[in-house]
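> Give me the fold of what follows.
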Amino acid sequence: MPYFTQFQSQQAIRMTGPAGTQDQSFDSNMAEQSKSDGVLSSVQSNYSSCSQLDMSTSYKDNEQFVVISSKGEPSIDMNRKPSGGEKGPSEGPPQTPASLKYVSLVLLTLQNALLILVMRYVRTREGEMFVATSAVIMSELFKFLTCLVIILVQEGSVKAWLNLLYQDIIMEPLDCLKVSVPSLIYVLQNNLLYVAVSNLDAATYQVTYQLKILTTAIFSVLMLKKVLSGLQWVSLVILFIGVAVVQMQPEAKASVSTEQSPIKGLIAVIISCFMSGFAGVYFEKILKGTRQSVWLRNIQLGFLGVIIGVITMLAKDGKTVHEKGFFNGYDGVVWFVVCLQSFGGLLVALVVKYADNILKGFATSAAIILSCIASIYFFEFQLSLQFIIGATLVMVALYTYSKFVPTTPLPYTVTRKM
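Residues are numbered from 1 along each chain as shown. Down below sits the predicted model:
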(Lines give C-alpha, C1' and ligand atoms only; values in the text may rest on other atoms or scores of the structure.)
Protein backbone atom coordinates (compact mmCIF):
# COMPACT_ATOMS: atom_id res chain seq x y z
CA MET A 1 0.00 0.00 0.00
CA PRO A 2 1.41 3.45 -0.88
CA TYR A 3 2.63 5.40 2.08
CA PHE A 4 0.20 8.31 1.65
CA THR A 5 -2.86 6.03 1.61
CA GLN A 6 -1.48 3.89 4.43
CA PHE A 7 -0.92 6.98 6.57
CA GLN A 8 -4.55 8.08 6.08
CA SER A 9 -5.85 4.63 7.14
CA GLN A 10 -3.67 4.57 10.22
CA GLN A 11 -4.85 8.04 11.20
CA ALA A 12 -8.42 6.73 11.15
CA ILE A 13 -7.47 3.78 13.40
CA ARG A 14 -5.80 6.14 15.85
CA MET A 15 -8.97 8.22 16.11
CA THR A 16 -11.32 5.27 16.70
CA GLY A 17 -9.30 2.38 18.15
CA PRO A 18 -8.37 1.68 21.78
CA ALA A 19 -5.32 3.25 23.37
CA GLY A 20 -3.15 0.17 22.91
CA THR A 21 -4.07 -0.01 19.25
CA GLN A 22 -3.32 3.69 18.83
CA ASP A 23 0.19 3.33 20.28
CA GLN A 24 0.88 0.25 18.17
CA SER A 25 -0.37 2.03 15.05
CA PHE A 26 1.66 5.12 15.87
CA ASP A 27 4.84 3.05 16.35
CA SER A 28 4.19 1.22 13.10
CA ASN A 29 3.55 4.52 11.33
CA MET A 30 6.81 6.04 12.64
CA ALA A 31 8.76 2.98 11.51
CA GLU A 32 7.17 3.19 8.09
CA GLN A 33 7.95 6.92 7.93
CA SER A 34 11.59 6.23 8.84
CA LYS A 35 11.72 3.64 6.07
CA SER A 36 10.14 6.16 3.70
CA ASP A 37 12.70 8.80 4.64
CA GLY A 38 15.43 6.31 3.77
CA VAL A 39 13.88 5.78 0.36
CA LEU A 40 13.66 9.55 -0.11
CA SER A 41 17.32 9.98 0.83
CA SER A 42 18.27 7.32 -1.69
CA VAL A 43 16.18 8.96 -4.39
CA GLN A 44 17.76 12.36 -3.72
CA SER A 45 21.25 10.83 -3.75
CA ASN A 46 20.65 9.02 -7.02
CA TYR A 47 19.10 12.09 -8.57
CA SER A 48 21.95 14.39 -7.63
CA SER A 49 24.37 12.15 -9.54
CA CYS A 50 22.37 12.33 -12.76
CA SER A 51 22.79 15.02 -15.37
CA GLN A 52 19.14 14.83 -16.31
CA LEU A 53 15.95 13.81 -14.51
CA ASP A 54 15.01 10.26 -15.49
CA MET A 55 11.33 10.33 -14.68
CA SER A 56 10.72 6.80 -15.93
CA THR A 57 12.77 5.29 -13.07
CA SER A 58 12.22 7.85 -10.30
CA TYR A 59 8.89 6.61 -9.03
CA LYS A 60 6.65 3.58 -8.79
CA ASP A 61 2.95 3.21 -9.42
CA ASN A 62 0.72 5.19 -7.05
CA GLU A 63 3.70 6.82 -5.32
CA GLN A 64 3.79 10.59 -5.31
CA PHE A 65 6.86 12.74 -5.81
CA VAL A 66 7.25 16.43 -6.46
CA VAL A 67 10.12 18.29 -8.09
CA ILE A 68 11.15 21.30 -6.01
CA SER A 69 12.83 24.18 -7.84
CA SER A 70 15.78 26.12 -6.48
CA LYS A 71 13.32 28.72 -5.21
CA GLY A 72 11.70 26.16 -2.94
CA GLU A 73 8.46 26.02 -4.92
CA PRO A 74 6.89 22.80 -6.26
CA SER A 75 7.45 22.63 -9.98
CA ILE A 76 6.31 19.24 -11.29
CA ASP A 77 3.92 16.75 -9.75
CA MET A 78 5.30 13.44 -10.99
CA ASN A 79 2.11 11.57 -10.10
CA ARG A 80 -0.07 13.87 -12.22
CA LYS A 81 -1.60 12.17 -15.23
CA PRO A 82 -1.05 13.86 -18.60
CA SER A 83 -4.02 15.43 -20.27
CA GLY A 84 -4.76 15.51 -23.96
CA GLY A 85 -1.68 15.29 -26.13
CA GLU A 86 0.65 16.13 -23.23
CA LYS A 87 3.48 13.72 -22.65
CA GLY A 88 3.59 11.82 -19.40
CA PRO A 89 6.57 11.89 -17.07
CA SER A 90 8.02 8.67 -18.43
CA GLU A 91 7.79 9.91 -21.99
CA GLY A 92 10.69 11.79 -23.49
CA PRO A 93 11.85 12.93 -26.88
CA PRO A 94 12.37 10.14 -29.36
CA GLN A 95 15.87 8.75 -29.25
CA THR A 96 17.99 9.41 -32.31
CA PRO A 97 19.44 6.20 -33.79
CA ALA A 98 23.19 6.00 -33.39
CA SER A 99 23.52 5.13 -37.06
CA LEU A 100 21.91 8.44 -38.04
CA LYS A 101 24.45 10.35 -35.97
CA TYR A 102 27.35 8.57 -37.61
CA VAL A 103 25.89 9.03 -41.08
CA SER A 104 25.63 12.78 -40.50
CA LEU A 105 29.21 12.76 -39.20
CA VAL A 106 30.55 11.01 -42.31
CA LEU A 107 28.57 13.21 -44.69
CA LEU A 108 29.70 16.45 -43.05
CA THR A 109 33.31 15.27 -43.02
CA LEU A 110 33.25 14.42 -46.72
CA GLN A 111 31.45 17.65 -47.60
CA ASN A 112 33.93 19.85 -45.71
CA ALA A 113 36.99 18.19 -47.20
CA LEU A 114 35.63 17.78 -50.72
CA LEU A 115 34.27 21.32 -51.02
CA ILE A 116 37.63 22.97 -50.36
CA LEU A 117 39.49 20.68 -52.74
CA VAL A 118 37.00 21.11 -55.58
CA MET A 119 36.69 24.87 -55.06
CA ARG A 120 40.46 25.24 -55.28
CA TYR A 121 40.58 23.07 -58.39
CA VAL A 122 37.98 25.05 -60.32
CA ARG A 123 39.59 28.37 -59.37
CA THR A 124 43.17 27.41 -60.26
CA ARG A 125 42.76 25.15 -63.31
CA GLU A 126 43.55 26.25 -66.84
CA GLY A 127 40.79 27.55 -69.07
CA GLU A 128 38.20 30.28 -68.93
CA MET A 129 37.18 31.19 -65.41
CA PHE A 130 33.54 31.24 -64.35
CA VAL A 131 32.14 34.24 -62.47
CA ALA A 132 32.39 33.49 -58.74
CA THR A 133 29.51 35.80 -57.80
CA SER A 134 27.18 33.89 -60.12
CA ALA A 135 28.10 30.64 -58.37
CA VAL A 136 27.23 32.22 -55.02
CA ILE A 137 23.82 33.24 -56.37
CA MET A 138 23.13 29.73 -57.65
CA SER A 139 24.18 28.23 -54.33
CA GLU A 140 21.75 30.49 -52.45
CA LEU A 141 19.01 29.70 -54.96
CA PHE A 142 19.52 25.95 -54.58
CA LYS A 143 19.28 26.20 -50.78
CA PHE A 144 16.15 28.31 -51.12
CA LEU A 145 14.44 25.79 -53.41
CA THR A 146 15.56 22.81 -51.33
CA CYS A 147 14.08 24.26 -48.13
CA LEU A 148 10.82 25.00 -49.96
CA VAL A 149 10.59 21.32 -50.90
CA ILE A 150 11.43 20.22 -47.34
CA ILE A 151 8.63 22.36 -45.87
CA LEU A 152 6.22 21.09 -48.52
CA VAL A 153 6.98 17.52 -47.47
CA GLN A 154 6.58 18.42 -43.80
CA GLU A 155 3.22 20.16 -44.31
CA GLY A 156 1.85 17.31 -46.40
CA SER A 157 -0.23 19.39 -48.81
CA VAL A 158 0.21 22.33 -51.14
CA LYS A 159 -2.59 24.24 -49.38
CA ALA A 160 -0.98 23.95 -45.95
CA TRP A 161 2.40 24.77 -47.49
CA LEU A 162 1.13 27.95 -49.15
CA ASN A 163 -0.72 28.97 -45.98
CA LEU A 164 2.45 28.58 -43.90
CA LEU A 165 4.51 30.63 -46.33
CA TYR A 166 1.82 33.31 -46.48
CA GLN A 167 1.37 33.58 -42.72
CA ASP A 168 5.05 33.38 -41.70
CA ILE A 169 6.73 35.20 -44.59
CA ILE A 170 4.34 37.39 -46.59
CA MET A 171 2.46 38.62 -43.51
CA GLU A 172 5.66 39.09 -41.48
CA PRO A 173 7.81 41.50 -43.53
CA LEU A 174 9.49 42.96 -40.45
CA ASP A 175 10.46 39.48 -39.33
CA CYS A 176 12.32 38.98 -42.61
CA LEU A 177 14.44 42.01 -41.79
CA LYS A 178 15.89 40.11 -38.83
CA VAL A 179 17.63 37.68 -41.15
CA SER A 180 18.78 40.36 -43.59
CA VAL A 181 21.92 40.96 -41.52
CA PRO A 182 23.23 37.35 -41.55
CA SER A 183 22.02 36.97 -45.13
CA LEU A 184 24.19 39.88 -46.27
CA ILE A 185 27.13 38.59 -44.25
CA TYR A 186 26.84 35.05 -45.62
CA VAL A 187 26.85 36.29 -49.22
CA LEU A 188 29.92 38.45 -48.62
CA GLN A 189 31.58 35.61 -46.74
CA ASN A 190 31.04 33.15 -49.59
CA ASN A 191 32.65 35.58 -52.01
CA LEU A 192 35.61 36.02 -49.67
CA LEU A 193 36.02 32.24 -49.46
CA TYR A 194 36.52 32.11 -53.22
CA VAL A 195 39.27 34.71 -52.84
CA ALA A 196 40.85 32.73 -50.01
CA VAL A 197 40.94 29.35 -51.74
CA SER A 198 42.30 30.98 -54.90
CA ASN A 199 45.31 32.31 -53.00
CA LEU A 200 45.96 29.61 -50.38
CA ASP A 201 46.66 25.90 -50.65
CA ALA A 202 43.79 23.66 -49.56
CA ALA A 203 45.40 22.38 -46.35
CA THR A 204 46.45 25.84 -45.10
CA TYR A 205 43.02 27.25 -45.90
CA GLN A 206 41.24 24.42 -44.10
CA VAL A 207 43.30 24.83 -40.93
CA THR A 208 43.21 28.63 -40.93
CA TYR A 209 39.47 28.69 -41.42
CA GLN A 210 39.10 26.91 -38.06
CA LEU A 211 39.59 30.33 -36.49
CA LYS A 212 35.81 30.58 -36.89
CA ILE A 213 35.61 28.44 -33.72
CA LEU A 214 37.40 31.20 -31.82
CA THR A 215 35.31 34.01 -33.28
CA THR A 216 32.12 32.06 -32.64
CA ALA A 217 33.10 31.57 -29.00
CA ILE A 218 33.87 35.26 -28.56
CA PHE A 219 30.57 36.38 -30.09
CA SER A 220 28.69 33.74 -28.07
CA VAL A 221 30.08 35.16 -24.84
CA LEU A 222 29.36 38.74 -25.89
CA MET A 223 25.92 38.26 -27.48
CA LEU A 224 24.46 35.15 -25.83
CA LYS A 225 26.19 35.43 -22.43
CA LYS A 226 27.53 31.92 -22.91
CA VAL A 227 29.80 30.51 -20.20
CA LEU A 228 32.91 28.60 -21.30
CA SER A 229 34.86 26.19 -19.12
CA GLY A 230 38.52 26.71 -18.34
CA LEU A 231 39.55 23.89 -20.66
CA GLN A 232 37.53 25.44 -23.45
CA TRP A 233 39.45 28.69 -23.12
CA VAL A 234 42.68 26.68 -23.07
CA SER A 235 41.58 25.00 -26.28
CA LEU A 236 41.16 28.43 -27.88
CA VAL A 237 44.76 29.28 -26.98
CA ILE A 238 45.88 25.96 -28.47
CA LEU A 239 43.92 26.84 -31.59
CA PHE A 240 45.79 30.14 -31.92
CA ILE A 241 49.13 28.37 -31.55
CA GLY A 242 48.24 25.67 -34.06
CA VAL A 243 47.17 28.15 -36.72
CA ALA A 244 50.30 30.24 -36.12
CA VAL A 245 52.54 27.18 -36.53
CA VAL A 246 50.88 26.34 -39.84
CA GLN A 247 51.24 29.90 -41.15
CA MET A 248 54.91 30.16 -40.17
CA GLN A 249 56.08 27.08 -42.08
CA PRO A 250 58.37 28.06 -44.98
CA GLU A 251 57.54 24.97 -47.02
CA ALA A 252 54.01 26.22 -47.65
CA LYS A 253 55.32 28.92 -49.98
CA ALA A 254 56.70 26.36 -52.41
CA SER A 255 53.25 24.99 -53.18
CA VAL A 256 51.80 28.43 -54.04
CA SER A 257 52.06 29.63 -57.63
CA THR A 258 53.46 33.05 -58.53
CA GLU A 259 49.97 34.20 -59.54
CA GLN A 260 48.66 33.66 -56.01
CA SER A 261 48.91 36.05 -53.06
CA PRO A 262 49.06 34.20 -49.70
CA ILE A 263 48.71 37.46 -47.75
CA LYS A 264 45.55 38.34 -49.68
CA GLY A 265 44.16 34.86 -49.09
CA LEU A 266 45.00 35.00 -45.38
CA ILE A 267 43.26 38.35 -44.94
CA ALA A 268 40.21 37.06 -46.79
CA VAL A 269 39.90 33.93 -44.66
CA ILE A 270 40.36 35.86 -41.38
CA ILE A 271 37.61 38.31 -42.33
CA SER A 272 35.45 35.31 -43.27
CA CYS A 273 36.05 33.82 -39.82
CA PHE A 274 34.79 36.94 -38.06
CA MET A 275 31.81 37.13 -40.40
CA SER A 276 31.04 33.47 -39.77
CA GLY A 277 31.24 33.88 -35.99
CA PHE A 278 29.02 36.95 -35.83
CA ALA A 279 26.46 35.73 -38.38
CA GLY A 280 26.21 32.30 -36.77
CA VAL A 281 25.64 33.66 -33.26
CA TYR A 282 23.22 36.31 -34.53
CA PHE A 283 21.25 33.67 -36.43
CA GLU A 284 21.25 31.38 -33.38
CA LYS A 285 19.82 34.21 -31.29
CA ILE A 286 17.05 34.71 -33.84
CA LEU A 287 16.20 31.00 -33.93
CA LYS A 288 16.02 30.67 -30.15
CA GLY A 289 13.89 33.79 -29.78
CA THR A 290 11.25 32.97 -32.39
CA ARG A 291 8.98 30.07 -33.31
CA GLN A 292 10.02 29.72 -36.96
CA SER A 293 11.79 26.53 -37.97
CA VAL A 294 15.32 26.29 -39.31
CA TRP A 295 14.01 25.50 -42.78
CA LEU A 296 11.74 28.55 -42.80
CA ARG A 297 14.59 30.77 -41.69
CA ASN A 298 16.76 29.29 -44.45
CA ILE A 299 14.08 30.23 -46.98
CA GLN A 300 14.27 33.82 -45.78
CA LEU A 301 18.06 33.67 -45.84
CA GLY A 302 18.13 32.17 -49.32
CA PHE A 303 15.66 34.67 -50.75
CA LEU A 304 17.55 37.65 -49.37
CA GLY A 305 20.83 35.99 -50.30
CA VAL A 306 19.81 35.76 -53.94
CA ILE A 307 18.81 39.44 -54.01
CA ILE A 308 22.02 40.58 -52.31
CA GLY A 309 24.04 38.23 -54.49
CA VAL A 310 22.59 39.73 -57.66
CA ILE A 311 23.41 43.24 -56.43
CA THR A 312 26.95 42.15 -55.59
CA MET A 313 27.39 40.50 -58.98
CA LEU A 314 26.18 43.56 -60.88
CA ALA A 315 28.49 45.83 -58.91
CA LYS A 316 31.53 43.58 -59.13
CA ASP A 317 31.16 41.54 -62.33
CA GLY A 318 28.34 43.30 -64.17
CA LYS A 319 30.46 44.04 -67.25
CA THR A 320 31.80 40.49 -67.48
CA VAL A 321 28.34 38.96 -67.12
CA HIS A 322 26.95 41.33 -69.76
CA GLU A 323 29.69 40.43 -72.24
CA LYS A 324 30.11 36.70 -71.61
CA GLY A 325 26.87 35.66 -69.93
CA PHE A 326 25.79 34.55 -66.47
CA PHE A 327 26.80 30.91 -66.93
CA ASN A 328 30.04 31.53 -68.80
CA GLY A 329 32.70 29.01 -67.77
CA TYR A 330 30.19 26.64 -66.17
CA ASP A 331 30.71 22.92 -66.60
CA GLY A 332 29.96 19.80 -64.61
CA VAL A 333 32.60 20.54 -61.97
CA VAL A 334 31.30 24.07 -61.35
CA TRP A 335 27.75 22.79 -60.98
CA PHE A 336 29.07 20.19 -58.56
CA VAL A 337 30.64 22.95 -56.45
CA VAL A 338 27.36 24.88 -56.40
CA CYS A 339 25.38 21.83 -55.29
CA LEU A 340 28.02 20.82 -52.76
CA GLN A 341 28.02 24.27 -51.18
CA SER A 342 24.23 24.25 -50.93
CA PHE A 343 24.26 20.73 -49.51
CA GLY A 344 26.74 21.81 -46.85
CA GLY A 345 24.38 24.46 -45.51
CA LEU A 346 21.66 21.86 -45.07
CA LEU A 347 24.06 19.31 -43.57
CA VAL A 348 24.98 21.63 -40.73
CA ALA A 349 21.32 21.80 -39.69
CA LEU A 350 21.04 18.00 -39.80
CA VAL A 351 24.18 17.49 -37.73
CA VAL A 352 23.01 19.96 -35.09
CA LYS A 353 19.61 18.24 -34.96
CA TYR A 354 20.60 14.58 -34.99
CA ALA A 355 24.12 14.70 -33.56
CA ASP A 356 25.92 17.18 -31.30
CA ASN A 357 28.88 19.52 -31.16
CA ILE A 358 31.27 16.70 -30.30
CA LEU A 359 30.51 14.89 -33.56
CA LYS A 360 30.66 18.18 -35.41
CA GLY A 361 34.15 18.79 -34.01
CA PHE A 362 35.23 15.31 -35.04
CA ALA A 363 33.88 15.92 -38.55
CA THR A 364 35.83 19.15 -38.91
CA SER A 365 39.04 17.54 -37.64
CA ALA A 366 38.64 14.57 -39.97
CA ALA A 367 38.04 16.95 -42.89
CA ILE A 368 41.39 18.62 -42.17
CA ILE A 369 43.16 15.26 -42.34
CA LEU A 370 41.42 14.30 -45.57
CA SER A 371 42.15 17.63 -47.27
CA CYS A 372 45.82 17.45 -46.24
CA ILE A 373 46.21 13.94 -47.62
CA ALA A 374 44.35 14.75 -50.83
CA SER A 375 46.31 17.96 -51.43
CA ILE A 376 49.53 15.94 -51.56
CA TYR A 377 48.33 14.09 -54.66
CA PHE A 378 46.24 16.77 -56.37
CA PHE A 379 48.08 20.04 -55.64
CA GLU A 380 51.65 18.88 -54.89
CA PHE A 381 51.40 20.16 -51.35
CA GLN A 382 54.52 19.36 -49.31
CA LEU A 383 53.69 18.13 -45.82
CA SER A 384 56.28 19.16 -43.25
CA LEU A 385 56.73 18.26 -39.61
CA GLN A 386 55.83 21.82 -38.70
CA PHE A 387 52.54 21.60 -40.59
CA ILE A 388 51.71 18.23 -38.99
CA ILE A 389 52.33 19.67 -35.52
CA GLY A 390 50.19 22.73 -36.26
CA ALA A 391 47.35 20.66 -37.73
CA THR A 392 47.49 18.30 -34.74
CA LEU A 393 47.22 21.21 -32.32
CA VAL A 394 44.19 22.50 -34.20
CA MET A 395 42.49 19.10 -34.06
CA VAL A 396 43.25 18.75 -30.34
CA ALA A 397 41.82 22.22 -29.74
CA LEU A 398 38.67 21.40 -31.69
CA TYR A 399 38.12 18.19 -29.75
CA THR A 400 38.81 19.80 -26.37
CA TYR A 401 36.46 22.69 -27.10
CA SER A 402 33.64 20.29 -28.01
CA LYS A 403 34.30 17.81 -25.21
CA PHE A 404 34.82 19.81 -22.03
CA VAL A 405 31.68 21.89 -21.77
CA PRO A 406 30.97 23.67 -18.46
CA THR A 407 28.78 21.77 -16.01
CA THR A 408 25.86 23.53 -14.35
CA PRO A 409 24.27 22.13 -11.15
CA LEU A 410 20.65 21.11 -11.56
CA PRO A 411 18.19 23.54 -9.94
CA TYR A 412 15.84 20.72 -8.82
CA THR A 413 15.50 18.17 -6.05
CA VAL A 414 13.05 15.29 -5.78
CA THR A 415 10.92 14.88 -2.65
CA ARG A 416 8.13 12.49 -1.74
CA LYS A 417 4.69 14.00 -1.20
CA MET A 418 3.36 13.25 2.29
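> low-scoring pLDDT stretches of the protein, where are they?
1-98, 247-259, 349, 351-362, 408-418 (pLDDT under 70).
> Domain parsing of it, as residue ranges.
Segmentation of the chain into domains, based on automatic domain parsing, reads 1-11+30-81, 98-403.
> Residue 339 versus residue 149, what's the distance?
14 Å (CB to CB, to the nearest Å). For every residue, glycine as well, the C-beta is placed using N, CA and C.
> quick one: which of those two has more around it?
residue 339 (14 against 11; other CB atoms under 10 Å).
> Secondary structure element holding that one?
helix 332-354 (DSSP states H and E).
> Could you do residue 329 as well?
Residue 329 belongs to no helix or strand, assigned by DSSP H and E.
> Give me the contacts around the helix holding residue 339.
Identification of contacts with helix 332-354 by CB atoms under 8 Å, 6 or more residues apart in numbering yields 96, 100-101, 104-105, 107-108, 111-112, 114-115, 118-119, 121-122, 130, 135, 138-140, 142-143, 146-147, 190, 294-295, 298, 359-360, 363.
> can you give me the helices in the stretch 101-250 of the chain?
For the stretch 101-250 of the chain, helices defined by DSSP state H, counting those that start in this stretch occupy the ranges 132-155, 158-165, 173-178, 180-199, 202-208, 211-224, 230-248.
> So which bits of the shortest one are buried?
Counting neighbours by 16 or more other CB atoms under 10 Å, one finds that the buried residues in helix 173-178 are 175-176, 178.
> Quickly note the distance from residue 372 to residue 112.
Taking CB to CB, one finds residue 372 at 12 Å from residue 112.
> Mutual contacts of these two, please.
Here residue 372 and residue 112 share the contacting residues residue 206, scored by CB under 8 Å, 6+ apart.
> before we move on, the earlier item: in a markdown table: the buried residues of helix 173-178, plus distance to residue 329.
Compiled in a markdown table, the buried residues of helix 173-178 are given as follows (distance: CB to CB, whole Å):
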| residue | distance to residue 329 |
| --- | --- |
| 175 | 38 |
| 176 | 33 |
| 178 | 36 |
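> What is the nearest of these to residue 280?
residue 178 (14.6 Å; CB to CB).
> Roughly how far does the closest one sit from residue 371?
35 Å.
> what's the answer for residue 223, then?
31 Å.
> swap in residue 394?
12 Å.
> same check, this time on residue 334
Applying CB to CB to residue 334 and residue 371 gives a distance of 20 Å.
> Which of those two has more residues huddled nearby?
Shown here are residue 334 and residue 371; by other CB under 10 Å, residue 371 has more neighbours (27 against 19).
> and the helix or strand where the more buried one lies with helix 230-248, angle?
For residue 371, the element it lies in under DSSP H and E is helix 357-378. Counting by axes from the mean of the first three to the mean of the last three CA atoms, to 10 degrees, helix 357-378 lies at 10 degrees to helix 230-248.
> helices and strands around helix 357-378, which ones?
Of the remaining helices and strands, those touching helix 357-378 by 3 or more CB pairs under 8 Å, 6 or more residues apart in numbering; DSSP states H and E are helix 98-124, helix 202-208, helix 332-354, helix 385-403.
> tilt between it and helix 332-354?
160 degrees.
> Distance of the closest residue to residue 208 other than its chain neighbours relative to residue 246?
Beyond its immediate neighbours in the sequence, the residue positioned closest to residue 208 (CB to CB, 6 or more residues apart in numbering) is residue 269, lying 5.1 Å away. From residue 269 across to residue 246, the span is 12 Å (CB to CB).
> which of the helices and strands packed on helix 357-378 sits most buried?
The highest average neighbour count among the helices and strands packed on helix 357-378, using mean count of other CB atoms under 10 Å, belongs to helix 202-208 at a mean of 26.
> Show residues contacting it.
Here helix 202-208 makes contact (CB under 8 Å, 6+ apart) with 112-113, 116-117, 120, 196-197, 200, 242-243, 246-247, 252, 265-266, 269-270, 367-368, 371-372, 374-375, 379, 381, 383, 387, 390-391, 394.
> try 6 Å
Helix 202-208 has contacts (CB atoms under 6 Å, 6 or more residues apart in numbering) with 116-117, 120, 196-197, 243, 246, 252, 269, 368, 371-372, 375, 381, 391, 394.
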